[in-house]
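Trainee: got a predicted model here, sequence first, then my questions.
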Amino acid sequence: MTGVSSSYHGEGAAERTPGENSGSTHPGLVLLYAPNFEQFHPAYVFTVPELIIGRDATNPICVPEQAVSRQHARISYVEGRWMLSDMGSRNGTMVAGRFIGEHALENLDEIRIGDAIFKFVAAGAEQYVRYRIDGAIFGEKRARQLNELVGGCQMDAIAADVERIAPTELSCLVLGETGTGKEVVARGIHRVSGRRGSFQAINCAAIPHNLLESELFGYRRGAFSGADRDKPGLIKLADGGTLFLDEIGDMPLEAQAKLLRVLQMREVFPLGGTTADKVDIRVVCATHRDLYTQVRDGRFRGDLFARLNEHVVRLPPLRERKEDVMLLARSFAARYGAPRMSFTFSVLVALMHYNWPFNVRELESCIKRGVALSGPAGGSILDAPHLPDAIAEFMKGYGVRPPPDGLGPSSLAPIPSLPGQPISQAQPSRRGAPTEEELRELLTRHRGNIAAVGRELGKERMQVHRWLKKYGIDLEKYR
Ligand SMILES: Nc1ncnc2c1ncn2[C@@H]1O[C@H](COP(=O)(O)OP(=O)(O)OP(=O)(O)O)[C@@H](O)[C@H]1O
């Protein structure tokens, strides 16, 4: 018995974890990224109160890397909390970019051991065990219709839900922060619904209030000055199809009343019209606002809310599903013309560490920019200098060791192998031989860790040893 379950068959998952009420929602570690990710399980479900992480294959969580100590860190359940303790490892244990000695784990804490990055989940770790970060799925694979929603287990569950309700008549409310994919879901609902009419979208926050009604409901000639011909609104255009109302929480009360009438009577009165047009629309709405509060405060009609809220889809922010970052990054690289683009290790560390306030849209822009900057001349390798300033700024202080006895920030390397290694081992190395001075500087920074120096240079360890010999460098002086 190892204390973790990483099998999708779920053996061991029925055991109770201390503090857990349900046998099916265990805490655990989910792999976000490791250069050799194929050698890891996608997730490690905790089934006993103490387990060790380390290089030894006998450890419940084995991180097969030289930079990792044989017994590197311990996870234990103490007085109602999951504690992570470094076991005096050579290269240290990090949480959220800081070295720790002992740390009480919080849900979604980012843990780094050697070059492996995990997130701690306080519950539900078992749902991740089938989904590898490159998109491979172990066990029985569900035939997914909603392929535009890129992601692992969380997106798969959402896609299954969307596919189930898409062919029904239910109105759907899609909730999530900006850039989480609400419009992607709305379009997906329409596509999977099989409705023959068109998909029409409007952002209620982006259109001046006086124009919103004419856009939505249309108008008859002469309805107002400038209305020199009849114009159908989006509701009419979406007849037989789907109307997507983005930022519905920003719709003025008057327009809300008219929309409710359309939904109840299934007919639309254009502005200035005396006769109604019959319409058959499916409505999907989105908002980042709390509509319950809006209803309570009288800013949103309760009856309309009830009519729109027949089914709710919640999209998690990207910071809560970082296990999808690599898959998304690869898919955006392909979307912007670099399907074979690779990412250096330092870029992946940064992508996993950044908190993505603007969610998937921000990641998409980051990769789009990276493709443009690293293009054919850059060999389509996305490296740290291609990252936007916001991410570079966020990485400041990553891996800085605490100052010894208050003597100011340590000049030690952020972490043994921060910059350098592309995902694809087939990549040609990015540079030639370092000068003796460069090599000595790297050895000092990485405290004589050859694997880390090699990663930074994009070279094998043997090559680094050859350079040591060539320059007559004594490795022991750096350890
Ligand atoms: N799961 C996903 N898979 C692939 N692309 C995604 C995903 N989520 C979002 N995107 C992409 O991110 C961008 C933003 O998505 P979208 O416009 O759907 O977000 P939104 O939640 O509607 O944003 P807003 O609230 O600001 O309108 C789009 O280019 C979309 O293609």
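Mentor: Structure received.
Trainee: and the host helix or strand of Gln256, what's buried?
Mentor: Mapping Gln256 onto the secondary structure by DSSP states H and E places it in helix 253-265. Judged by neighbour count (16 or more other Cβ atoms under 10 Å), helix 253-265 contains these buried residues: Ala255, Gln256, Lys258, Leu259, Leu260, Arg261, Val262, Leu263. From N, CA and C alone the C-beta is placed, and that goes for glycine too.
Trainee: check contacts around the third one.
Mentor: Applying Cβ atoms under 8 Å, 6 or more residues apart in numbering to Lys258 gives the contacts Glu213, Leu216, Phe217, Phe269.
Trainee: make a ChimeraX selection of the buried ones in the residues you listed.
Mentor: The buried residues among those can be selected in ChimeraX (16+ other Cβ under 10 Å) with this line:
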select :213,216,217,269
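Trainee: kindly indicate which of the contacts of Lys258 lies nearest Arg321.
Mentor: Ranking the contacts of Lys258 by separation from Arg321, with Cβ to Cβ as the measure, puts Leu216 on top at 33.5 Å.
Trainee: quick one, what contacts the residue lying closest to that closest one once chain neighbours are set aside?
Mentor: Spatial nearest neighbour of Leu216, chain neighbours left out: Gly233 (5.0 Å); criterion: Cβ to Cβ, 6 or more residues apart in numbering. Gly233 sits next to Ser214, Glu215, Leu216, Phe217, Gly218, Tyr219, Val268, Pro270 when contact means Cβ under 8 Å, 6+ apart.
Trainee: what of Pro252?
Mentor: Going by Cβ under 8 Å, 6+ apart, the list of residues near Pro252 reads His209, Leu212.
Trainee: over to it: give its phi and psi.
Mentor: Pro252 adopts backbone torsions of phi -60, psi 150, taken as degrees, to the nearest 10.
Trainee: longest helix in the protein, by residue count?
Mentor: Looking across the chain with DSSP state H, the single longest helix is helix 359-374.
Trainee: alongside the ligand, which residues does the stretch 51-200 of the chain contribute?
Mentor: Those residues of the stretch 51-200 of the chain that sit near the ligand, judged by Cβ under 6 Å from any ligand atom, are Leu149, Val150, Gly151, Met155, Gly176, Thr178, Gly179, Thr180, Gly181, Lys182, Glu183, Val184.
Trainee: can you tell me which of those is closest to the ligand?
Mentor: For those, the minimum distance to the ligand (Cβ to the nearest ligand atom) is 2.6 Å, reached by Gly181.
Trainee: neighbours around that closest one, how many?
Mentor: Look at Gly181: counted by other Cβ atoms under 10 Å, it has 26 neighbours.
Trainee: which residues touch it?
Mentor: Taking Cβ under 8 Å, 6+ apart, we find Gly181 in contact with Leu149, Leu315, Asn359, Val360.
Trainee: between those residues, which is nearest the ligand?
Mentor: The closest of the contacts of Gly181 to the ligand turns out to be Val360 (Cβ to the nearest ligand atom; 3.5 Å).
Trainee: that closest one is in contact with Leu318, isn't it?
Mentor: Yes: counting by Cβ atoms under 8 Å, Val360 sits close enough to Leu318 to count as a contact (5.6 Å).
Trainee: shared neighbours, these two?
Mentor: With contacts defined as Cβ under 8 Å, 6+ apart, the residues shared by Val360 and Leu318 are Gly179, Thr180.
Trainee: which parts of the protein are helices?
Mentor: With DSSP H applied, the chain shows helices at 153-165, 182-193, 209-217, 234-237, 253-265, 291-296, 302-308, 325-335, 345-353, 359-374, 389-395, 436-445, 450-457, 461-471, listed in chain order.
Trainee: mind putting the ones you listed into JSON lines with mean pLDDT?
Mentor: Output for the helices of the chain, formatted as JSON lines (pLDDT from 0 to 100):
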{"stretch": "helix 153-165", "mean pLDDT": "96"}
{"stretch": "helix 182-193", "mean pLDDT": "96"}
{"stretch": "helix 209-217", "mean pLDDT": "91"}
{"stretch": "helix 234-237", "mean pLDDT": "96"}
{"stretch": "helix 253-265", "mean pLDDT": "95"}
{"stretch": "helix 291-296", "mean pLDDT": "94"}
{"stretch": "helix 302-308", "mean pLDDT": "96"}
{"stretch": "helix 325-335", "mean pLDDT": "96"}
{"stretch": "helix 345-353", "mean pLDDT": "95"}
{"stretch": "helix 359-374", "mean pLDDT": "95"}
{"stretch": "helix 389-395", "mean pLDDT": "94"}
{"stretch": "helix 436-445", "mean pLDDT": "80"}
{"stretch": "helix 450-457", "mean pLDDT": "77"}
{"stretch": "helix 461-471", "mean pLDDT": "85"}
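Trainee: just tell me which of the ones you listed ends up closest to Arg90.
Mentor: helix 450-457 (11.0 Å).
Trainee: next, count neighbours for the residue nearest to Lys368 when sequence neighbours are not counted.
Mentor: On the basis of Cβ to Cβ, 6+ apart, the spatially nearest residue to Lys368 that is not a chain neighbour turns out to be Tyr336, at 4.9 Å. Residues near Tyr336, counting by other Cβ under 10 Å, number 16.
Trainee: now do Tyr336 against Lys231, distance only.
Mentor: Distance, Tyr336 to Lys231, using Cβ to Cβ, to the nearest Å: 36 Å.
Trainee: next one: Ile113
Mentor: For Ile113 relative to Lys231 (Cβ to Cβ), the value is 62 Å.
Trainee: who has more neighbours out of those two?
Mentor: Under the neighbour definition other Cβ under 10 Å, Ile113 and Lys231 were set side by side, and Ile113 has more, 27 against 17.
Trainee: my read is that that one contacts Ile75, right?
Mentor: No: in this structure, Ile113 sits apart from Ile75 without contact. The criterion is Cβ under 8 Å, and the distance is 10.7 Å.
Trainee: who touches both of those two?
Mentor: Residues touching both Ile113 and Ile75 by Cβ under 8 Å, 6+ apart: Ile53.
Trainee: before we move on, back to that, how much does the helix holding Gln256 deviate in direction from helix 209-217?
Mentor: Helix 253-265 and helix 209-217 are oriented at 10 degrees to each other (axes from the mean of the first three to the mean of the last three Cα atoms, to 10 degrees).
Trainee: pull the distance from helix 253-265 to the chain's centre.
Mentor: Taking Cα atoms, centre = their mean, to the nearest Å, the mean C-alpha location of helix 253-265 is offset from the chain mean by 36 Å.
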